[in-house]
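Participant: could you look at this predicted model? Sequence included:
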Amino acid sequence: MSETVSKKLTRPRPYAWALGAVLLLALPFYLERFWLQAGLFAMAAAIGAIGINLLTGATGQLSMGHAFFLAVGAYGYCALAGDGTDGLTGLGLPGWLAAVGAVALAGAAGGLFSPIAGRLRGAYLGIATLALIFIGQHVLFNAHDLTGGFNGRAVPPLSLLGVTFDDTELIVAAVPFGAAEKLWYLGLALLAASALFARGVLRGRPGRALNAIRDHRIAAGVLGIPVARYRAAAFVLSSMYAGLAGVLLALVFQRTVPEYFGMLLSLEYLAMIVIGGLGSVAGAVVGGVFVSLLPQLLNRYSDALPLVSAPGTGGVAPGEASRYLYGAAVVAVVLFLPGGLAGLAARRPRRTPRTARIARTPAEER
């Protein structure tokens, strides 16, 4: 009975979820554009973090090439949706079809690498995926007709169900909705769908198999789990999540830039899942929000913070300060909070005398 009571005490109540959902839906009516864009970056980061958490947190595979698959998603969408009027390669597909195609391209790229991912593990897989970053950077900077080279390329707006996600105002109930407001609701829908799907995977038979592979690969094989196949499938799924995050990032940025999709971005995604909590969908979301919002907040309030100032003015730049802070957060989580930030909510609360009386069994009362 005590276990049942503790679960009821720690489980989020339905009205708390409903209140959070209403709050997120209402935010575009009150927030300015900066906060909406910051929230969209956090949503995209959370989607990508869920993907790498399926690979690293649930399966135990170290990947350093997550930024490569984000680039495939972002540039794949631009190439599929572009009409070629800017002199770059473009197929002119509808925006929604181009987004689906970009996610499929990222999955196909992960599928091409999956035979290697299915056979390597640990640091060996991390070194192998690191090669994807160097290959991707070379292609992004030199395939000018496809990527635009150093200058990148503009991102065509997405059209879905008659709504174009650009700066054209959409009037709903006498309230104007711009690009940030419309993308906000799209990002919420994509994040919710991504989180629910990943949660279903982890709680079902595939998730139990992935956890068994992570905890003891040989024992999992003895039990009849096809280890290489599950590892390859997890890598493909993680790549598709990264492709979706890349599409959303491109729509928010409105321009793809090659240097953004470098090694630093892959390290940031690893920091997200460590800080948030390995193997947890909620942890991936929390870590993605934390790591993505921190540099933007430091940049926003650099004038009011000590030692932090604008780049080139003598102090610590906001980007550098944010890396110091979430680097320290990674060390603190590893040393003192192995379950990550999400593990704080899962900890059993200290029982009060009233809850202790409720948890007593009839034998204890006698």
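Facilitator: Received, thanks.
Participant: where does pLDDT dip in the stretch 151-300 of the chain?
Facilitator: The model of the stretch 151-300 of the chain has pLDDT under 70 over residues 169-176.
Participant: the strands in the stretch 201-350 of the chain, which residues?
Facilitator: Using DSSP state E, counting those that start in this stretch, the strands of the stretch 201-350 of the chain run over residues 255-256.
Participant: so for Val334, what's the pLDDT?
Facilitator: pLDDT, Val334: 75.
Participant: what sits against the nearest residue to it once chain neighbours are set aside?
Facilitator: Among residues not flanking Val334 along the chain, Val274 sits closest, at 6.9 Å (Cβ to Cβ, 6 or more residues apart in numbering). Quick note: C-beta positions are derived from backbone N, CA and C, even for glycine. By Cβ atoms under 8 Å, 6 or more residues apart in numbering, the contact list for Val274 reads 287, 330, 333-334, 340.
Participant: repeat the analysis, applying 10 Å as the threshold.
Facilitator: 53, 56-57, 283, 287, 291, 326, 329-331, 333-334, 338, 340 (Cβ atoms under 10 Å, 6 or more residues apart in numbering).
Participant: restrict those residues to the buried ones and give me that as a PyMOL selection.
Facilitator: This is the PyMOL syntax for the buried subset of the contacts of Val274, where burial follows 16 or more other Cβ atoms under 10 Å:
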select buried, resi 53+56+57+283+287+291+326+329+330+333+340
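Participant: which of the contacts of Val274 sits closest to Trp17?
Facilitator: Set against Trp17, the nearest of those by Cβ to Cβ is Gly283 (17.3 Å).
Participant: surely the closest one and Gly343 touch.
Facilitator: Yes - counting by Cβ atoms under 10 Å, Gly283 touches Gly343, with 7.5 Å between them.
Participant: shared neighbours, those two?
Facilitator: With Cβ under 10 Å, 6+ apart, Gly283 and Gly343 have common neighbours 276-277.
Participant: contacting residues around Ala46?
Facilitator: 187, 190-191, 194-195, 245, 272, 276, 281, 284-292.
Participant: any buried residues in the helix or strand where Trp96 lies, and which?
Facilitator: Taking DSSP states H and E as the criterion, Trp96 maps to helix 95-119. By neighbour count on 16+ other Cβ under 10 Å, the buried set for helix 95-119 is 95, 98-111, 113-114, 117-118.
Participant: which residues of the stretch 151-300 of the chain fall in helices?
Facilitator: Remark: helices assigned in the stretch 151-300 of the chain by DSSP state H, counting those that start in this stretch are 179-203, 205-215, 217-222, 227-253, 263-276, 281-300.
Participant: right, and these - which one's nearest Asp145?
Facilitator: Once the helices of the stretch 151-300 of the chain are compared by Cβ to Cβ, helix 227-253 is nearest, at 18.1 Å.
Participant: for the stretch 1-150 of the chain, give me the ranges with low pLDDT.
Facilitator: 1-13.
Participant: helices along that one, start to end?
Facilitator: Using DSSP H, counting those that start in this stretch, helices in the stretch 1-150 of the chain cover 2-10, 14-26, 33-52, 66-81, 95-119, 123-142, 144-147.
Participant: list only buried entries from the contacts of Ala46.
Facilitator: 187, 190-191, 194-195, 245, 272, 276, 281, 284-292.
Participant: separation between Leu25 and Phe165?
Facilitator: According to Cβ to Cβ, to the nearest Å, Leu25 stands 17 Å off from Phe165.
Participant: more crowded one of the two?
Facilitator: The residue with more neighbours, out of Leu25 and Phe165, is Phe165; 22 against 12, by other Cβ atoms under 10 Å.
Participant: wait, that one touches Ala180, no?
Facilitator: Yes - with contacts counted by Cβ under 10 Å, Phe165 reaches Ala180, the gap being 9.5 Å.
Participant: quick one: pLDDT of Gly314?
Facilitator: 61.
Participant: again with the one 5 residues further on
Facilitator: We note a pLDDT of 69 for Gly319 in this prediction.
Participant: beta-bridge partners for the closest residue to Asp86 other than its chain neighbours, please?
Facilitator: Once flanking residues are discounted, Asp86 sits nearest to Ala154: 6.5 Å by Cβ to Cβ, 6+ apart. Taking DSSP bridges as the rule, Ala154 bridges to Arg255.
Participant: how close does Ala154 get to Leu186?
Facilitator: From Ala154 to Leu186 the distance is 19 Å (Cβ to Cβ).
Participant: do the same with Gly95
Facilitator: For Gly95, the distance to Leu186 - Cβ to Cβ - is 11 Å.
Participant: one more: Pro206?
Facilitator: From Pro206 over to Leu186 the distance is 28 Å, taken as Cβ to Cβ.
Participant: what does Gly276 give?
Facilitator: Taking Cβ to Cβ, one finds Gly276 at 23 Å from Leu186.
Participant: could you do Gly48 as well?
Facilitator: In terms of Cβ to Cβ, Gly48 sits 16 Å off from Leu186.
Participant: same question, Phe34
Facilitator: 19 Å.
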